[in-house]
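Asker: Okay, structure incoming, though there's no sequence with it:
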Ligand SMILES: O=C(O)CC1=CCC(=O)O1
């Protein structure tokens, strides 16, 4: 067997170390080695940089994150600073943005303790001041009083009445929003039904979610309401928030409000996603809405809750996701009964079919293959009536398709929004 004079592990380790920490730092460290430290440098290059960092099982970015968290937890500030700098300046695939670094530090505050995170923030801020110009980042003054959870957004209420509770997520990329998107929930739900989609869209859009009157934390005035009232509510909120034309994404009742908003306030609607919704019910179904109102009035929302869950989610979903169903059921039965009844009247009375031709906004109509509340035929009527509408049917979805099939729903919405 021939003897290979090269120590491949050492050379591989050096390559990896250069890739993670930068060539200049590694050359300096090699040049500074001496009779006392050279063995140790050789050892860590092979064992840390080759044996561990060269393992393909985790992406380099994940390994960077692990090192940051551990050095914070151990208070190894020299090593931490080295890796913060390297993480911010690293290659495009493995570098951390300042916002991602912030998230690592926030999480470390919980797992390693606030004093450790305090020091970690101070060191990282000093490094950001230094490398900011290289990575296009400027530390600006900002008040902790203005800080909001980025996964929830800034909550607010309209000054005008009935007061509507809403949340606004700013685009996470810090740039001008690509669009302002409004998420409008179904009957008996609230704005939290949109959390997943809202956070996805907030990558580059301003995202507003709100509670309809009679729902969530919005006011519940005495009913009955008409769909025009709910659309005028939305218009009022959008004017308060100075949105200009929005991409309206509404599911079921939220889609009905979207239609009426586009008809009554066309300048506020740039595009529409009408999901699991209808432009009108046949007479028999209108009677069913009147029966539902009577039942809730006499016996409360609890009396209809199981039937509603049966329409919102199909059997297999209910069996596989009992906690999700329980959460939506709890939301439904804790909805203000007067507000719920008021909205049932608006939903039962929806009647836009004859006016759909006036909807000018580009529209995506989404239907659930298994939806019994608003069957696919109702979606076909919408798509046929709205001049620039396209129809997409989500296979295997029932009424709350956005909850049953969040990925398919999000894919359809993001593809549509991406084309606007
Ligand atoms: O409550 C239902 O059964 C279905 C429904 C109609 C309007 C809405 O938002 O959900």
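Answerer: Ah, there it is. These numbers come from a predicted model, not from an experiment.
Asker: Show the pLDDT at residue 223.
Answerer: For residue 223, the model assigns a pLDDT of 85.
Asker: now do residue 5
Answerer: 65.
Asker: how much space between residue 381 and residue 401?
Answerer: 18 Å (Cβ to Cβ, to the nearest Å). (Glycine included, C-beta is placed from N, CA and C.)
Asker: okay, these two: which has more neighbours?
Answerer: residue 401 (26 against 16; other Cβ atoms under 10 Å).
Asker: Excluding chain neighbours, give the residue nearest to the more buried one in space.
Answerer: Leaving aside its sequence neighbours, residue 401 sits nearest to residue 368 (Cβ to Cβ, 6 or more residues apart in numbering; 4.4 Å).
Asker: Measure how buried whichever residue of the stretch 1-150 of the chain sits closest to the ligand is and give me the count.
Answerer: Evaluated by Cβ to the nearest ligand atom, the stretch 1-150 of the chain has residue 149 as its residue closest to the ligand, separated by 27.0 Å. Using other Cβ under 10 Å, residue 149 is surrounded by 10 other residues.
Asker: go on, residue 6?
Answerer: Residue 6 has 7 nearby residues by other Cβ under 10 Å.
Asker: dump the residue contacts of the residue most central in space within the chain.
Answerer: The residue lying closest to the centre of the chain (Cα atoms, centre = their mean) is residue 199, at 1.5 Å. Residues near residue 199 by Cβ atoms under 8 Å, 6 or more residues apart in numbering: 150, 151, 169.
Asker: ok, now residue 333?
Answerer: Contacts of residue 333 (Cβ under 8 Å, 6+ apart): 300, 301, 302, 305.
Asker: roughly how far apart are it and the ligand?
Answerer: Per Cβ to the nearest ligand atom, to the nearest Å, residue 333 is found 13 Å from the ligand.
Asker: From here on, call the first residue 30.
Answerer: All right, first residue 30 from here; so that's residue 362.
Asker: on that earlier part again, need the three-state assignment for the residue of the stretch 30-179 of the chain closest to the ligand.
Answerer: coil (DSSP: H, G, I helix; E, B strand; the rest coil).
Asker: about what we covered before: now tabulate the contacts of residue 362 in CSV and tack on neighbour count.
Answerer: Shown next, in CSV, are the contacts of residue 362 (neighbours: other Cβ atoms under 10 Å):
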residue, neighbour count
329, 13
330, 20
331, 12
334, 16
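Asker: and the residues you listed, which of them are in strands?
Answerer: Among these, no residue falls in strands (DSSP state E).
Asker: ok, back up a step: ok, of the contacts of residue 228, which one's closest to residue 371?
Answerer: Checking these against residue 371 with Cβ to Cβ, the nearest one is residue 198 at 28.0 Å.
Asker: Could I get the contacting residues of that closest one?
Answerer: Contacts of residue 198 by Cβ under 8 Å, 6+ apart are 179, 181, 182, 183, 227, 228, 231, 235, 236, 237.
Asker: Count the neighbours of the residue nearest to residue 430 for me.
Answerer: With other Cβ under 10 Å as criterion, residue 397 counts 27.
Asker: Which strand residues bridge it?
Answerer: Judged by DSSP bridges, the bridge partners of residue 397 are residue 423.
Asker: From the ligand, how far off is it?
Answerer: The value you get for residue 397 to the ligand, if Cβ to the nearest ligand atom is used, is 11 Å.
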